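K.L.:
starting from these lines, generate the structure:
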Amino acid sequence: MADIEELHERAEQGAADARLASVTVSMAILAVFVAAVSLMGERIHANEVLAQSKAADQWAQYQAKVIRERSYEVFLDQLDVFALQNPARAADVRKKYKGEIDRYNGESKDLQNQANSTEAAVEVLDRRSNWFDFSDVLLEASLVICSITLLTQKRGYWYFGLLGAASGIVIAVAGLFIR
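P.N.:
Numbers count the residues shown, from 1 in each chain. Here you go, the predicted model:
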């Protein structure tokens, strides 16, 4: 926090010097980009966590369906092995549970497809968040490098900071198109 206050003080001093006014204005604009990219990165990370949670829920549902399907299969196997007192009733029960197995099989395939799709979305969000994280680091470093201009009054730092900032902005924009 003290570093930010010091930067503000240096920016005020730089504003008094007309030669450094462009540096302070560019730093203010750069600070807005830092905030925007940071916010976008945080939102992407939040969406990634939500998608991961959704995928875990879908896999849990899938597992429950598969377990139920397997238990019905075991029951049908037992009907074939044990001596039955009422074969007609056993045929009705067998038909009922065979239908349940078919239903769970279809539902579990749908859940598996949904979970795989959600996991693919998580991977995209992860790749996108990496781009925004890198952009955020570049922009913050560029802001610090630009602030060195206010301390040293050497414009080379400012140009270098602007180059880093431009790179950070390009990377953030590219991150929007990651699929």
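K.L.:
give me the nearest residue to Q58, chain neighbours excluded.
P.N.:
Leaving aside its chain neighbours, Q58 sits nearest to A115 (3.8 Å; criterion: Cβ to Cβ, 6 or more residues apart in numbering). Placement of C-beta: from N, CA and C, glycine included.
K.L.:
so how far is V122 from the one you found?
P.N.:
10 Å (Cβ to Cβ, to the nearest Å).
K.L.:
ok, now A36?
P.N.:
24 Å.
K.L.:
higher neighbour count, those two?
P.N.:
V122 (19 against 14; other Cβ atoms under 10 Å).
K.L.:
so the residue nearest to Q58 is in which element?
P.N.:
Mapping A115 onto the secondary structure by DSSP states H and E places it in helix 87-152.
K.L.:
got a list of what A115 touches?
P.N.:
55, 58-59, 62 (Cβ atoms under 8 Å, 6 or more residues apart in numbering).
K.L.:
one more pass at 10 Å, please.
P.N.:
Shown in contact with A115 (Cβ atoms under 10 Å, 6 or more residues apart in numbering): 54-63.
K.L.:
please, a PyMOL command that selects the buried ones among these?
P.N.:
Selecting the buried subset of those in PyMOL, with 16 or more other Cβ atoms under 10 Å as the burial test, is done by:
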select buried, resi 54+55+58+59+61+62
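K.L.:
make JSON lines from the contacts of A115 and add distance to T24 and secondary structure to it.
P.N.:
As requested, the contacts of A115 are exported to JSON lines (distance: Cβ to Cβ, whole Å; DSSP: H, G, I helix; E, B strand; the rest coil):
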{"residue": "K54", "distance to T24": "45", "secondary structure": "helix"}
{"residue": "A55", "distance to T24": "47", "secondary structure": "helix"}
{"residue": "A56", "distance to T24": "48", "secondary structure": "helix"}
{"residue": "D57", "distance to T24": "50", "secondary structure": "helix"}
{"residue": "Q58", "distance to T24": "51", "secondary structure": "helix"}
{"residue": "W59", "distance to T24": "53", "secondary structure": "helix"}
{"residue": "A60", "distance to T24": "54", "secondary structure": "helix"}
{"residue": "Q61", "distance to T24": "56", "secondary structure": "helix"}
{"residue": "Y62", "distance to T24": "57", "secondary structure": "helix"}
{"residue": "Q63", "distance to T24": "58", "secondary structure": "helix"}
